[in-house]
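1. show me how the following folds:
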Amino acid sequence: MKYVLKQAAIEHIDNINTLLRLSKRHWGYDDDFLDRFMQGFNIKVPYLQQHDIKLVYLDNTLIGFFNFIINKDSALELDNFFLHPDYIGKGHGRQMWNLCCQYAEQLGFKDFIIWSDPNAEPFYKKMGCEKIGERPSPTMPNRFPPILQFKLK
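-> Below you'll find the model as predicted:
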């Protein structure tokens, strides 16, 4: 199996958003939640043009994507990390995580933070992240997704 990183371009935006919704649906969210989530978090052309989104391919099949931002605190933040649900639980998430961390190291950072879906928190902890707080959800009242930190080697 060969994993390849490619730069996202405008022609990939529909595939990215389809993968984003499918990945989020994996956690059992209903269509109402997913519609609200996609209104706030789908990838739009201006976002794509401003951020370096990496597409992850396995044997020429798009299986995931990720990207970092520099947040308001000037920290590196993993803004998106989504894996197609057909590849969850089979070791591909760890491989994608390794590619993501290598990229963060190339950016010259020693650590990064993640604002995680609560359901993905166990994955991030398994990868070595530590929970450092919570942040209110903009799409669901009384929901406080975790903030995690990962220290690069």
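2. how close does C100 sit to R143?
-> In this structure, C100 and R143 are separated by 25 Å, where distance is defined by Cβ to Cβ, to the nearest Å. C-beta coordinates here come from the backbone N, C-alpha and C atoms, glycine included.
3. which of these two has more neighbours?
-> Regarding C100 and R143, a neighbour count based on other Cβ atoms under 10 Å identifies C100 as having more, with 23 against 13.
4. how many other residues sit next to I113?
-> 18.
5. beta partners for it?
-> E77, Q149 (DSSP bridges).
6. my guess is it contacts K72. True?
-> No: with contact defined as Cβ atoms under 8 Å, I113 does not count as touching K72 (11.6 Å).
7. now do the contacts for A9.
-> Under the criterion of Cβ atoms under 8 Å, 6 or more residues apart in numbering, the neighbours of A9 are L48.
8. let's see that with 10 Å instead.
-> Contacts here follow Cβ atoms under 10 Å, 6 or more residues apart in numbering; on that basis A9 touches 48-49, 53, 55.
9. cool, P136 as well?
-> Counted by Cβ under 10 Å, 6+ apart, P136 has contacts 142-145.
10. also A75?
-> Residues near A75 by Cβ under 10 Å, 6+ apart: 69, 109, 111-113, 149.
11. let's see it at 7 Å
-> Residues counted as contacts of A75 (Cβ atoms under 7 Å, 6 or more residues apart in numbering) are I113.
12. swap in F109?
-> 76, 152.
13. Q50 versus that one, what's the distance?
-> F109 sits 18 Å away from Q50 when distances are taken as Cβ to Cβ.
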